[in-house]
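**Q** no FASTA, just this:
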């Protein structure tokens, strides 16, 4: 199995880590779990509120690799050696725990942590309600012998045959092929324009949707032209006379015959569940509001445009040249999201584990990391103040 090619950020951090590993080997230092430890290079911490070991920043390893990255004038006295000697509690005996708490209160109040915690709590309550509703639905919608009254993927294949299995596989593979730009567009507009490879995959010779004319027609269109055409079609809907009879669609090239799909016109759809259905989502739905309807595993394909109701799909997005102010991260675990050239202020990270991430050329202030373990993280040229 081939590994995915690394991007420039991964190559840089990998080169730095390998260089440090070589230096440690030459100096005869302890190399136990070296690849799992956090790496800090020229990233001193000033006025830190928490000790790394107490805060759990080190993940499974609370002994990070520090290169010219001391913690100076920290607000705690739990460091080791030089760092402990230069901590404020040790330098100023009158600097008590209450004073440290006042610093935290100031940061939390200024950054709006309380308001964000309330929003997070409301979101958790809503999510729990939806989970209970889903469990209730799954328990209720069953026969006397426990068989579900709704389609699962396996049931859909069992009931509709191998041809439907191929359609479901096409849908699943298409969703996985979306690029970051397409995912962003999907979340913002609810639909995307398929690229040439995706068009070939959906309408190619081996697809149940095979349609060479569709590929030929839309391969030469730019995304702008397709968006423009969609707007024109919507504006022209009122000039057409749609009937409830079936609408003729392009034929399957292998069978060389026409199929008809019925249009849904002037009918409100409420509380429906569409699971792994490739027919209903692809029917013309005209002047028919769709309310409180769940669609699972059933992407709608409209020429080169994929329409979809799915939101909140995970996207690994780096933060580059994006300063952050008063933007606390609470209950937001992240994997593989580097922060590059993006200074941040009053942006505490609370109960948000971070793994395989990097902080590069991003100084920060008044942004403590609270109960948020770091795993295999690199902090490079990113000094910290009052954090």
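**A** Arrived safely. Since the model is a prediction, treat every value here as computed from it, not as a measurement.
**Q** Was I right to think residue 359 contacts residue 381?
**A** No. The pair residue 359 / residue 381 is not scored as a contact, 9.0 Å apart, by Cβ atoms under 8 Å. Where you see a C-beta, it was placed from the backbone N, CA and C, and this is true even at glycine.
**Q** and these two? which has more neighbours close in?
**A** residue 359 (24 against 14; other Cβ atoms under 10 Å).
**Q** Give the pairing partners of the helix or strand where the more buried one lies; include direction for each.
**A** Residue 359 belongs to strand 358-360 when assigned by DSSP states H and E. Here strand 358-360 has these sheet partners by DSSP bridges: strand 339-340 (parallel), strand 378-380 (parallel).
**Q** which other helices and strands contact the next helix-or-strand element following the longest one?
**A** Pointing back at strand 378-380 there. Next helix or strand after strand 378-380 toward the C-terminus (DSSP H and E): strand 384-385. Counting contacts by 3 or more Cβ pairs under 8 Å, 6 or more residues apart in numbering; DSSP states H and E, strand 384-385 is packed against strand 45-46, strand 364-365.
**Q** Then residue 69 would be within a strand, right?
**A** No. Assigned with DSSP: H, G, I helix; E, B strand; the rest coil, residue 69 falls outside any strand and is coil.
**Q** for it, what are its contacts?
**A** 40-45, 379 (Cβ atoms under 8 Å, 6 or more residues apart in numbering).
**Q** let's see 10 Å
**A** The neighbours of residue 69, taking Cβ atoms under 10 Å, 6 or more residues apart in numbering as the test, are 39-45, 379-384.
**Q** Look up the closest residue to it, ignoring the ones flanking it.
**A** Nearest residue to residue 69, sequence neighbours excluded (Cβ to Cβ, 6 or more residues apart in numbering): residue 40, at 3.9 Å.
**Q** Distance of that neighbour relative to residue 366?
**A** Plainly put, residue 40 is 19 Å away from residue 366 if you go by Cβ to Cβ, to the nearest Å.
**Q** The two: which is more packed in?
**A** residue 40 (25 against 22).
**Q** now the helices for this structure?
**A** 8-27, 52-55, 82-85, 88-91, 97-111, 113-140, 153-160, 162-176, 180-189, 196-203, 212-218, 223-236 (DSSP state H).
**Q** how about the last one: buried residues?
**A** Residues 226, 230 are the ones in helix 223-236 that count as buried (16 or more other Cβ atoms under 10 Å).
**Q** That helix - contacts with which helices or strands?
**A** Applying 3 or more Cβ pairs under 10 Å, 6 or more residues apart in numbering; DSSP states H and E, one finds that helix 223-236 contacts strand 191-193, helix 212-218, strand 305-307.
**Q** Mean neighbour count, these: which tops it?
**A** strand 191-193 (a mean of 21; mean count of other Cβ atoms under 10 Å).
**Q** That one pairs with which strands?
**A** strand 305-307 (antiparallel).
**Q** and the strand it pairs with, average pLDDT?
**A** Averaged across strand 305-307, the pLDDT comes to 49.
**Q** re the thing from before, packed most tightly, which of the strands paired with strand 358-360 would that be?
**A** strand 378-380 (a mean of 23).
**Q** List the contacts of that one.
**A** 9, 12-14, 16-17, 38-43, 45, 57, 64-67, 69, 338-340, 356-362, 364.
**Q** before we move on, back to that, between the helices and strands packed on strand 384-385, which has the poorest mean confidence score?
**A** strand 45-46 (a mean of 76).
**Q** Can you tell me the strand partners of that one and which way each runs?
**A** strand 71-72 (parallel), strand 384-385 (parallel).
**Q** In TSV, list these along with mean pLDDT and distance to residue 83.
**A** Listed next are these as TSV, based on pLDDT from 0 to 100; distance: least, Cβ to Cβ, whole Å:
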stretch	mean pLDDT	distance to residue 83
strand 71-72	77	5
strand 384-385	80	13
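**Q** can these go into TSV with extra columns for distance to residue 228 and mean neighbour count?
**A** Shown next, in TSV, are the strands paired with strand 45-46 (distance: least, Cβ to Cβ, whole Å; neighbours: other Cβ atoms under 10 Å):
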stretch	distance to residue 228	mean neighbour count
strand 71-72	57	20
strand 384-385	49	20
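**Q** Could you check the ones you listed and tell me which one is nearest residue 229?
**A** When the strands paired with strand 45-46 are compared for distance to residue 229 using Cβ to Cβ, the nearest one is strand 384-385, at 51.5 Å.
**Q** Please name whichever of the strands paired with strand 45-46 is nearest to residue 117.
**A** The closest of the strands paired with strand 45-46 to residue 117 is strand 384-385. By Cβ to Cβ, the value is 23.0 Å.
**Q** looking at the helices of the chain, which has the lowest confidence?
**A** When these are ranked by mean pLDDT, helix 52-55 comes last with a mean of 56.
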